[in-house]
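S.K.: Sequence plus predicted model, see below.
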Amino acid sequence: DAWDHGKNALRSFAVDSIRKAVVIDKKARTISDRTLNAELAAGYGIFAGRKTQWARLRFTPVRARWIANEQWHPRQKSRFEDGAYILEIPYSDDRELVMDILKYGPDVEVLAPETLRVKVLGHLSQAIDQYRKQRDRITP
């Protein structure tokens with residue numbers, strides 16, 4: 001986490017994406033823990049922001065016992081419902097969350113918000129189309 005001089009804002013940087021670091025002759029900014037938490041810890045993943053939405057995910061009973069032992073976010077809410085595991089987490093930007101949802105394939109369903117559900121459905125549809133196109137090229 002650092003100050004982005006180009007964006008004039010706090011940002012979380014992927015260390016493996018940093019290509020060059022330059023020491024500048026400026027005093028470092030002092031930012032309170034409260035401000036850091038408000039900016040960087042409000043939502044899920046590395047994409048920060050104060051404005052958050054809540055994702056509600058339902059994991060199948062098969063996956064539930066594993067997910068129930070994970071912490072996705074310090075403010076997450078969860079419960080078991082008919083053997084399934086309902087996980088609610090705040091997020092500011094859905095990019096990382098969508099990737100994490102997709103890795104669970106048929107073992108997770110986005111219940112809310114609808115915009116997140118539609119985005120995940122779009123990615124799944126594109127994946128299915130890609131496999132169908134490949135199958136059609138191979139199958140006579």
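M.R.: Arrived safely.

S.K.: which parts of the helix or strand hosting residue 125 are buried?
M.R.: With elements delineated by DSSP states H and E, residue 125 resides in helix 114-138, which encompasses its position. Going by neighbour count (16 or more other Cβ atoms under 10 Å), the buried part of helix 114-138 is 116-117, 119-120. C-beta coordinates here come from the backbone N, C-alpha and C atoms, glycine included.

S.K.: quick one: contacts of it?
M.R.: Contacts made with helix 114-138 from outside it, assessed by Cβ atoms under 8 Å, 6 or more residues apart in numbering, are listed as 53, 55, 94, 97-98, 101-102, 110-111.

S.K.: Can you tell me which of these are buried?
M.R.: Applying 16+ other Cβ under 10 Å to those, the neighbour count classes 53, 55, 94, 97-98, 101, 110 as buried.

S.K.: So which of the residues you listed are in helices?
M.R.: Among those, the residues falling in helices (DSSP state H) are 97-98, 101.

S.K.: returning to what we had before: give me the distance from the helix holding residue 125 to the chain's centre.
M.R.: Averaging C-alpha coordinates over helix 114-138 and over its chain gives two centres that are 19 Å apart (Cα atoms, centre = their mean, to the nearest Å).

S.K.: same thing with stretch 82-97?
M.R.: The chain centre lies 8 Å from the centre of stretch 82-97; the measure is Cα atoms, centre = their mean.

S.K.: Fine, thanks again, bye for now.
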